[in-house]
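Novice: With the input below, show me the fold.
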Amino acid sequence: MSLLLSVFYIMADSYVYMPIRYLMFKDKLRFSFRATMSFLFAIFLIEGVLFYFLQNMVSSEITKYVFRLIFTVIHISLSFYFINDNWQKVLFLALVFVTVGFTGVTVSGIFEIMVIPGLYAANPMLWETIVKVIFALIMYYPLYLLFDKLLRPILDIDEKNCWQGIWLVPGVFAIITLWVSRSFLPPEKIVFIALIRLSVLIGCFVCCVSLSKTAKLVEENTFQKAQADNMKQLMQLQEKQYEKISNHISQLRKNNHDARHHIRAVMSLANEGNLEELKIYLTKFIEQIPSGKGLFFCNDLMLNAILEYYYNFAESKNIPMDIKADVPEKLFDSADLSVLVGNLIENAVEAQENLADEEKYINLKIKTFEDKIYFVVENAFDGVINTKDGQYLSHKRDNLTAGIGLQSVHEVVKKYNGELVINTDNKVFKCSAMLENN
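Specialist: Reported below is the predicted structural model:
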């Protein structure tokens, strides 16, 4: 057996399927797809060379099987380095492809033994390699379409809880596939082996798709629950704001009633020319007038409630906050505006937790023009930027609701055909959004 044939023999088993697996994570690779495939090609070359020397040193099929198994583990481990994503998700797909690769090898074996038995007997490694490559080339595109349609959308799920332990399912099927091997059964059992491996592959794929879709539903339910919680909070704030307004109106009525008595008293003292008593009376009257902070930012009552809440929240964190809001009533959906502004301010407050008090600040500007509304939130931050797939992550990314809050902002912007722009420069985080009311 030549060295070149040994290398091709090894690559025909797994490398031909490797591009499909990494294409599923193309946007999450640490390096370019071409660089990743080149590095893996080098690893397969090393594996092929080592297999060549192993073939010349030992004749035990079990030893060769263990050798292949060790490199299978190595290739799975490399996935965690090359793919910058949840390790359970990466392991899930890697184990699915273990079953795919070994099943492809076995199905190729049926053709070798049953269709070209003479050629296979004369040079088994050569013809096994040729058949495996041909079979892989035939199956490559259909297999890619299948995975791209059914699994790629599910792999976009980022929440860790949705992937907890799912990799165990393809793991069990992979163990069954590895156990049903030609290394332990005679060649004449190839049809039996192939049927079992095909059944295992189909079962593996059906179970994995079902579990992944369940994970998708869990993520959607989690997002909807978070949105419901946000709306509940908004409604509570709105109720408080309405209660304040109601109390304010009642107080105004009382003041109007009392004002008539005060005016009569002032007129009486003025008519009598008793200026000293008039001064004393007016001084006491002024002292009774409540000062208040006058936290009124805009005419949209729900949005005003959110701004008042976060203004007080920022103040409790010793963060100066300047708000300039020009928002007329009922121009946009108040709930959507509140979700957007609330999450942006919450992220701004969170980003300054580790800063000195004198460095902290938040500036919020909201401006409407015709049927458009513009938001600009500017705040200090520590200069550390966490990103994933081009998205900015919260400092508390491990918290499930942190990512959902950012996702809510994008959903609102998308709903109004808007645009969200984030700039970071000199430890200043600036987030701008534009919404259009169609």
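Novice: which stretches of the stretch 201-350 of the chain form helices?
Specialist: 275-288, 301-316, 334-350 (DSSP state H, counting those that start in this stretch).
Novice: between the last one and helix 301-316, what angle do the directions make?
Specialist: Spelled out, it's helix 334-350. Angle, helix 334-350 to helix 301-316, by axes from the mean of the first three to the mean of the last three Cα atoms, to 10 degrees: 10 degrees.
Novice: Give the buried residues for the very next helix or strand once past helix 334-350.
Specialist: Using DSSP states H and E, the helix or strand that follows helix 334-350 in sequence is strand 362-369. If you call a residue buried by 16 or more other Cβ atoms under 10 Å, then strand 362-369 has these buried ones: 362-364, 366, 368. All C-beta atoms are positioned from the backbone trio N, CA, C, and that covers glycine.
Novice: Show me which positions of stretch 22-37 end up buried.
Specialist: Those would be 22-25, 28-29, 36-37, for stretch 22-37 by 16+ other Cβ under 10 Å.
Novice: Out of those, which sit inside strands?
Specialist: Secondary structure from DSSP state E places none of these in strands.
Novice: got the contact list for residue 332?
Specialist: Contact analysis of residue 332 by Cβ atoms under 8 Å, 6 or more residues apart in numbering lists 300, 373, 416, 435, 437.
Novice: brain fart, residue 341
Specialist: Listed by Cβ under 8 Å, 6+ apart, the contact partners of residue 341 are 303, 306-307, 310, 364, 366, 375.
Novice: picking that back up, out of the helices of the stretch 201-350 of the chain, which comes closest to residue 178?
Specialist: When those are compared by Cβ to Cβ, helix 334-350 sits nearest residue 178, at 47.0 Å.
Novice: picking that back up, now the buried residues of strand 362-369 in JSON lines, please, with extra columns for pLDDT.
Specialist: Output for the buried residues of strand 362-369, formatted as JSON lines (pLDDT from 0 to 100):
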{"residue": "362", "pLDDT": "93"}
{"residue": "363", "pLDDT": "93"}
{"residue": "364", "pLDDT": "92"}
{"residue": "366", "pLDDT": "90"}
{"residue": "368", "pLDDT": "85"}
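Novice: Closest to residue 425 out of these?
Specialist: residue 363 (14.8 Å).
Novice: looking at the helices of the stretch 201-350 of the chain, which is buried most?
Specialist: Here the criterion is mean neighbour count by mean count of other Cβ atoms under 10 Å, and of the helices of the stretch 201-350 of the chain the winner is helix 334-350, at a mean of 22.
Novice: Between strand 362-369 and that one, find me the angle.
Specialist: 150 degrees.
Novice: show me the contacts for the nearest residue to residue 89 once chain neighbours are set aside.
Specialist: Closest residue to residue 89 apart from its sequence neighbours, by Cβ to Cβ, 6 or more residues apart in numbering: residue 163 at 5.1 Å. The contact partners of residue 163, by Cβ under 8 Å, 6+ apart, come to 86, 88-89, 92, 157, 215.
Novice: now swap in residue 81 and tell me
Specialist: Residue 81 makes contact with residue 30, according to Cβ under 8 Å, 6+ apart.
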